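>>> Provided below for reference: sequence and predicted model.
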Amino acid sequence: MKKISLLILFGLSYFFSFCQVTYVKRITFNSETNSYYTHPGDSNLQFLDVSESPDGNTFIHMGTIRGSTSIYKIDLLGNIIFDAGGGSLGNLNTTIATALHATPDGGCIYASNYSAWSTNFVSYSFIIKIDGSGQLNFNTTLPSHYSTPNIPEQETYDVAVLSNGNYTCLTLDSIYILDPSGNVIRTLNFRGPGKMFGFNNGDFYLECGSFRGRMDMNGNPIWSNPSLILHHDTTLYRLSGNTLSKLDGMTGSVISSIPFTQTGLPEIQMLKDGGWCVYNSTTINRFDSNGVSKFTSTISLPKNGMNYVGGQSDGSLITGGTYRSKRPIFYEYDFSSFIGTIDTSGNSIMDSTTQIWPGDANDDGIVEFGDVVYIALAQGSTGPNRVDSAIYNYNDWQYYGGYEIGDIGTDFPGSFAFGVNHKQCDVYTDGVIDSLDINELASKISIQQYHPYWRMRSPESARTVPYFSMLPDRDSIVAGDTVRIYFVLGNNGIAVDSIFGLAFGLDPFPSSIWRKGEVINNELLNSDLGLINELRYGFYTPDFGILYARKDLQNAYHVQDTIGFIDFKLFDTLSYNTDLEFSLSSFKAITAGGFPVDFQIQNATIYARSIIASSPELSFNKITCSPNPAKESITLNNLPTEQLNIQLFNAQGKLCFSGKTKYSSNYSIDLKSLPSGIYMLNIFGSETGSFSRKFLKQ
């Protein structure tokens, strides 16, 4: 059986001298499986009814078109006081709650209509009374009528609360009058469908196929009126053409009349101050008791629009609607809903509430790791927190072309220069943009779940677009070797203009080798983009890396530098020769305004060779490098007796020396012209593997 639960989304409070606090709260379906949804009416949650409680709180009724519903008592901030029950939907049965009415004791009464399909269709109707503390007073089964022998049928359309503690129920076959304990004490010969409500003296108003007007509790008509009758509690109004007339409830005669403003909006709700609102699925027009317009409010959030607007004790309006909780491909029936309020001046937190897809920080429709740079740019921004839509398994979060789990969020004070609000960056949903949001995004994305999305211009403009380069320190390695990949900006001599930050994911191929590789070191270097403590590097899995900066808030830097490197060690048991290519699976760079920075992507292929048992490179383990630290020169001893390539790189990845041995076991390198610092020495042969060693030049 499915249940509906009310989850607090957020309650941002802002105070003005002229309005109340407003809120938006999310209602979501805790369903079984997607296959359980066979009809949109099973899952399309709607705001069905409102009833003001005498204690100033509000009863709301939320549910689906065909079945599952929930009734809650809430306060004026939307906090749940208690759950009063509702309806349910099963494979061969459904229970639909209707006719919600608050009662004088702070409780409520409603009808629960049960239908089942087994051998034959049957239906029953129950009247449920809840007291002010949320406890059940009674659950009365109304008598059934039998259109077919031995097959019971009953349905309740409305319930009226009478001043003497009794209740009247308009049903499929009769009106039943119940005493305060829920016992049926009288039956009247009127049939639904229709509606009814009670007067203070025990009479009630009835509107059904055979009668529209007031009658006493014995079923005797007092007055009738064929016009459309509107009401708020027991205050009656007649709408005829463009005239709204207030009626004397005892006689049905007109007390006063005012023009009724026709707006073309089909639904009408009378309010406690004598005014009213008219509305459709997106727009609410509020009028005062003289018919003067107070405000017009447009709610753009609902997918299928608002289907009910009600008043509360403080004069605010409450409404709700449905939005799609996933972007569907195969399933069309995954929905969530919300409720929200509008104050007496027409202001609402819903004015800045929209649906978002958590993690899509720049709102481009693709959730990828490149969104991390926008999260970095929004660091420190705060706003209303929310309960994330992560009631679903994040394994279903197919970020591109598949399922995406929707959420609703209210604007933060900050926005990017290109217009997207910082609320898009609150992945962790705690109302603060910080490192938790970056970690949350990283933990929920795998290589298989996002697609490359970087900006690259056409070849005609390539001469003016800088490189983002991934440069290995050599182009050939042997199993067991370590290769260093340098990350270089502006390697083609074109500086990167006004960059704030960048993020990327590495996707080396072939994956069978990469998954067995080992990351042995990573380091950030000083650069024009920022110092080490202003750059952050994270390595989360062997498949994934990020690099981002938070330096250039003034868009003043021009970067042309090596900003970092990663060392990769190839696993020792490689049994075949292959090419390794370190390509990008995700890349994004932005300015301090959040605008993308154009790059050409440059990488290099590395030839990886298997270990051959008889190969001389096994003797590389005997090589020594001394002295370390060195001042004037460094000497290599125990070299294999073949021609070897010698290369020396500084910490920025710049080649400082290149030479070849001449079948000698010893080789010296003059260091006098080199500045002090850490250097990487690489030795490799044309038929063997490689040797790498760090040393310090003093």
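All right, it came through fine.
>>> Let me see the contact set for the closest residue to P629 other than its chain neighbours.
Nearest non-adjacent residue to P629, counting by Cβ to Cβ, 6 or more residues apart in numbering: L696, 4.0 Å away. Glycine gets a C-beta too; all of them are placed from N, C-alpha and C. Residues in contact with L696 (Cβ atoms under 8 Å, 6 or more residues apart in numbering) are N628, P629, A630, S676, G677, I678, Y679.
>>> For my notes, confirm L696 occurs in a helix.
No: using DSSP: H, G, I helix; E, B strand; the rest coil, the secondary structure at L696 is strand, not a helix.
>>> any idea how far T94 is from it?
78 Å (Cβ to Cβ, to the nearest Å).
>>> Would you mind confirming that A589 is in contact with V373?
Yes: A589 is within contact range of V373, at 6.8 Å (criterion: Cβ atoms under 8 Å).
>>> Between these two, which contacts overlap?
In contact with both A589 and V373: G501, L502, A503, using Cβ under 8 Å, 6+ apart.
>>> low pLDDT regions in the stretch 301-450 of the chain?
Along the stretch 301-450 of the chain, the model assigns pLDDT under 70 to residues 302-304, 323-336, 387-406, 443-450.
>>> How are the helices of it distributed by residue range?
Secondary structure of the stretch 301-450 of the chain by DSSP state H, counting those that start in this stretch: the helices cover 372-377, 435-443.
>>> Find the centremost residue of this protein, please.
Centroid-nearest residue in the chain, with Cα atoms, centre = their mean: D407, separated by 2.9 Å.
>>> just checking, that residue touches I356?
Yes: assessed by Cβ under 8 Å, D407 is found in contact with I356 at 5.7 Å.
>>> Distance of the closest residue to I185 other than its chain neighbours relative to S53?
Of all residues not flanking I185 in the chain, D179 sits nearest, at 5.1 Å (Cβ to Cβ, 6+ apart). Going from D179 to S53 by Cβ to Cβ gives 22 Å.
>>> more crowded one of those two?
The neighbour comparison of D179 against S53 (other Cβ atoms under 10 Å) goes to S53, with 22 against 15.
>>> hmm, back to that, can you say which of the helices of the stretch 301-450 of the chain is packed in most?
helix 372-377 (a mean of 28; mean count of other Cβ atoms under 10 Å).
>>> elements contacting that one?
helix 435-443, strand 501-509, strand 544-549, strand 578-590 (3 or more Cβ pairs under 8 Å, 6 or more residues apart in numbering; DSSP states H and E).
>>> what about 6 Å?
The contact analysis (3 or more Cβ pairs under 6 Å, 6 or more residues apart in numbering; DSSP states H and E) places helix 372-377 against helix 435-443, strand 501-509, strand 544-549.
>>> Can you spell out the domain ranges of the protein, please?
What automatic domain parsing lists as the domains of the chain is 3-223+300-355, 360-446, 459-609, 618-697.
>>> Quick check: which of those is nearest to L244?
domain 3-223+300-355 (16.5 Å; Cβ to Cβ).
>>> and the closest one, how far from the chain's centre?
28 Å (Cα atoms, centre = their mean, to the nearest Å).
>>> Next: stretch 629-646.
59 Å.
>>> Repeat that for stretch 474-484.
Using Cα atoms, centre = their mean, the offset of stretch 474-484 from its chain centre is 44 Å.
>>> Could you tell me which residues within that stretch count as buried?
Neighbour counts over stretch 474-484 (16 or more other Cβ atoms under 10 Å) mark R474, S476, I477, V478, A479, G480, D481, T482, V483, R484 as buried.
>>> before we move on, what about stretch 94-105?
Buried-residue list, stretch 94-105, by 16+ other Cβ under 10 Å: T94, T95, I96, A97, T98, A99, L100, H101, A102, T103, D105.
>>> Now it: average pLDDT?
The average pLDDT for stretch 94-105 rounds to 92.
>>> what do you get for stretch 466-473?
84.
>>> CA atoms only: put it into PDB for me.
Below are the C-alpha coordinates for stretch 466-473, written out as PDB (Å, rounded to 0.1, in the frame of the first residue of the first chain):
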ATOM      1  CA  PRO A 466      44.500  28.600 -25.600                       C
ATOM      2  CA  TYR A 467      45.300  25.000 -24.900                       C
ATOM      3  CA  PHE A 468      44.400  23.000 -21.900                       C
ATOM      4  CA  SER A 469      47.200  20.300 -22.200                       C
ATOM      5  CA  MET A 470      47.800  17.000 -20.500                       C
ATOM      6  CA  LEU A 471      51.400  16.400 -21.200                       C
ATOM      7  CA  PRO A 472      53.200  13.100 -20.200                       C
ATOM      8  CA  ASP A 473      56.900  13.300 -19.300                       C
END
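>>> what comes into contact with that stretch?
Under the criterion Cβ atoms under 6 Å, 6 or more residues apart in numbering, residues 483-486, 488, 490-492, 494, 496, 582, 599-604, 606, 649, 682 lie in contact with stretch 466-473.
>>> which of these are buried?
483-486, 488, 490-491, 494, 496, 582, 599-600, 603, 606, 649, 682.
>>> where exactly do the helices run in this protein?
For the chain, the helices defined by DSSP state H cover 40-43, 372-377, 435-443, 511-514.
>>> ok, how many other residues are close to G249?
The burial count for G249: 20, using other Cβ under 10 Å.
>>> ok, now how distant is it from L671?
104 Å.
>>> Show me which of the shared contacts of A589 and V373 are buried.
Here, 16+ other Cβ under 10 Å leaves G501, L502, A503 buried among the shared contacts of A589 and V373.
>>> just for the stretch 551-698 of the chain, where's the confidence low?
For the stretch 551-698 of the chain, the ranges with pLDDT under 70 are 551-557, 573-576, 585, 611-621, 651-653, 686-690.
>>> correct me, but S144 touches E155?
No: applying Cβ atoms under 6 Å as the test, S144 and E155 come out as separate, 9.8 Å apart.
>>> which non-adjacent residue is nearest F126?
S112 (4.4 Å).
>>> Just the pLDDT for the one you found.
93.
>>> ok, it - contacts?
Applying Cβ under 6 Å, 6+ apart to S112 gives the contacts T95, A97, F126, I128.
>>> Same check on Y374?
A361, N362, C425.
>>> again with I299
Per Cβ under 6 Å, 6+ apart, neighbours of I299: M350.
>>> Swap in 7 Å and give it another go.
T282, M306, T319, M350 (Cβ atoms under 7 Å, 6 or more residues apart in numbering).
>>> With neighbour count and distance to S256 added, can I get those in TSV?
What follows is the contacts of I299, written out as TSV (neighbours: other Cβ atoms under 10 Å; distance: Cβ to Cβ, whole Å):
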residue	neighbour count	distance to S256
T282	15	32
M306	22	30
T319	25	29
M350	25	34
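>>> what comes up buried for stretch 275-286?
In stretch 275-286, counting by 16+ other Cβ under 10 Å, buried: G275, W276, C277, V278, Y279, N280, T283, I284, N285, R286.
>>> which of these sit farthest apart?
Among these, G275 and N280 lie farthest apart (Cβ to Cβ), at 18.1 Å.
>>> Find the residue closest to M217 in space, skipping its chain neighbours.
Per Cβ to Cβ, 6+ apart, closest to M217 is G202, 5.1 Å.
>>> Assess the claim that the one you found and A160 are in contact.
No: between G202 and A160 there is no contact under Cβ atoms under 7 Å: 10.3 Å.
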